[in-house]
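Participant: Here is a sequence together with a model predicted from it:
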Amino acid sequence: MRPHTLTASIMPVLIGTAIALGERGIDLILFAVVLLASILIQSAVNMFNEYFDFKRGLDTKDSVGIGGVIVHDEISKRVVLDMAELFFVISILLGVYICIKTSWWVAIAGSVSMAVGYLYSGSRSPIAYTPFGEMAAGIFMGPMIVVIAFYVQAGSITVDSIILSLPISILVAAILLANNIRDMDGDMKKGRRTLAILLGHSKATTVLAYMFITNFVLVALLVFFKWATPLTLISFASIPRAVQSIKVFRNEHTAEEMMPAMKAASTLHSQFGILFTIGILLSKFPIFS
């Protein structure tokens, strides 16, 4: 499941629900169901990735990374695949409940998200093996989840919900780029053509730095143009993690040495998401607005 990566599915739900606060009352049961479905879908995608990376020979006993339960822990590949499929089935059942309570349009968004999640590693030409992985992650683990979480609470889609989803979208794409920078040597040998491989280590690290910078500049612009309140600027407290990640990527070049940079990028996403959500929530109370 790779639990420490699941903030990528948790933070967009928190942000979407926080934006919806004040539109009308928050349905806590719907919130919990959407959050659980989001976590289960990402967990399934992680397990599909584990299964297909092993099947294609990408994961070996020498692989460095956060997965590897098949090659390192000798868990059956069949068990991993069965659990991924089970999580998808449970997510579909939760989706039916969400649709009954809201609208069947949610089923379309959810189905597309699940399809992309599977195709990320499970198709004949996996998205994970192309330069478009970051784009797919940014869209479907950013605006897609934020807007769904907002819609099930507010009953509509607003420009605000889309605009405010963009920062977390950039950061989840950045996590994937960081992961691909770390893994680029092994990925290249296995025939992958990720964005990191096409750019090379130095340029990919520069792009990652610009993604971090763009994220925080975007938050400042949202505040300047009154899409967000100044309270969301507390998210700038996560900047040290961005600096840490780039410093390590600049100075290290082996997968083992770059692990702290990958962890820093993931922690940045979590810290930013929590602080950005708190900023949005506080802005909903008159005493802070």
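Facilitator: Arrived safely. As the structure is a prediction and not an experimental result, all values here were calculated from the model.
Participant: residues in contact with stretch 35-47?
Facilitator: 1-2, 5-6, 8-10, 12-13, 67, 80-81, 83-85, 87-88, 90-91, 94-95, 98, 110, 113-114, 117-118, 120-121, 141, 145, 149 (Cβ atoms under 8 Å, 6 or more residues apart in numbering). In this view, the C-beta of every residue, glycine as well, is placed from N, C-alpha and C.
Participant: How about residues contacting stretch 237-256?
Facilitator: Against stretch 237-256 from outside (Cβ under 8 Å, 6+ apart): 64-65, 178, 181-183, 185-186, 201, 205, 208-209, 212, 216, 257-258, 260-262, 264-265, 267-268, 271-272, 275.
Participant: Which secondary structure state does V45 sit in?
Facilitator: In three-state terms, and counting by DSSP: H, G, I helix; E, B strand; the rest coil, V45 is helix.
Participant: how many other residues sit next to it?
Facilitator: A count of nearby residues for V45, using other Cβ atoms under 10 Å, gives 29.
Participant: and if you look at H269?
Facilitator: The burial count for H269: 24, using other Cβ under 10 Å.
Participant: now I157
Facilitator: Neighbour tally, I157, other Cβ under 10 Å: 13.
Participant: Show the buried residues in the contacts of stretch 237-256.
Facilitator: Neighbour-count burial (16 or more other Cβ atoms under 10 Å) applied to these gives 64-65, 178, 181-183, 186, 201, 205, 208-209, 212, 216, 258, 261-262, 264-265, 267-268, 271-272, 275.
Participant: Now, these that are in helices?
Facilitator: 178, 181-183, 186, 201, 205, 208-209, 212, 216, 258, 261-262, 264-265, 267-268, 271-272, 275 (DSSP state H).
Participant: Show me the shaky parts of the stretch 151-289 of the chain.
Facilitator: 286-289 (pLDDT under 70).
Participant: Name the nearest residue to M47, sequence neighbours excluded.
Facilitator: A84 (3.7 Å; Cβ to Cβ, 6 or more residues apart in numbering).
Participant: quick one, what contacts the one you found?
Facilitator: S43, A44, V45, M47, F48, Y51.
Participant: So which bits of the host helix or strand of L93 are buried?
Facilitator: Per DSSP states H and E: L93 is located in helix 77-101. Neighbour-count burial for helix 77-101 flags V80, L81, M83, A84, F87, F88, S91, I92, L94, G95, I98, C99 (criterion: 16+ other Cβ under 10 Å).
Participant: now stretch 102-114
Facilitator: Neighbour-count burial for stretch 102-114 [16+ other Cβ under 10 Å]: T102, V106, A109, G110, S113, M114.
Participant: again, but for stretch 123-140
Facilitator: Neighbour-count burial for stretch 123-140 [16+ other Cβ under 10 Å]: 126-131, 133-134, 136-140.
Participant: Name the nearest of the residues you listed relative to I26.
Facilitator: F140 (23.8 Å; Cβ to Cβ).
Participant: Can you read off the pLDDT for that closest one?
Facilitator: With respect to pLDDT, F140 scores 92.
Participant: can you tell me how far it sits from K77?
Facilitator: 25 Å (Cβ to Cβ, to the nearest Å).
Participant: The closest residue to G22 other than its chain neighbours - how many residues pack around it?
Facilitator: Counting by Cβ to Cβ, 6+ apart, G22 lies nearest to K284, which is 4.8 Å off, once chain neighbours are set aside. For K284, the neighbour count with other Cβ under 10 Å is 16.
Participant: Could you give the backbone dihedrals for K284?
Facilitator: With angles defined as degrees, to the nearest 10, K284 sits at phi -80, psi -10.
Participant: and if you look at K226?
Facilitator: Torsion angles, degrees, to the nearest 10, at K226: phi 70, psi 20.
Participant: And it, how far from S76?
Facilitator: Distance from K226 to S76, by Cβ to Cβ: 54 Å.
Participant: can you check F285 too?
Facilitator: Counting by Cβ to Cβ - F285 and S76 are separated by 51 Å.
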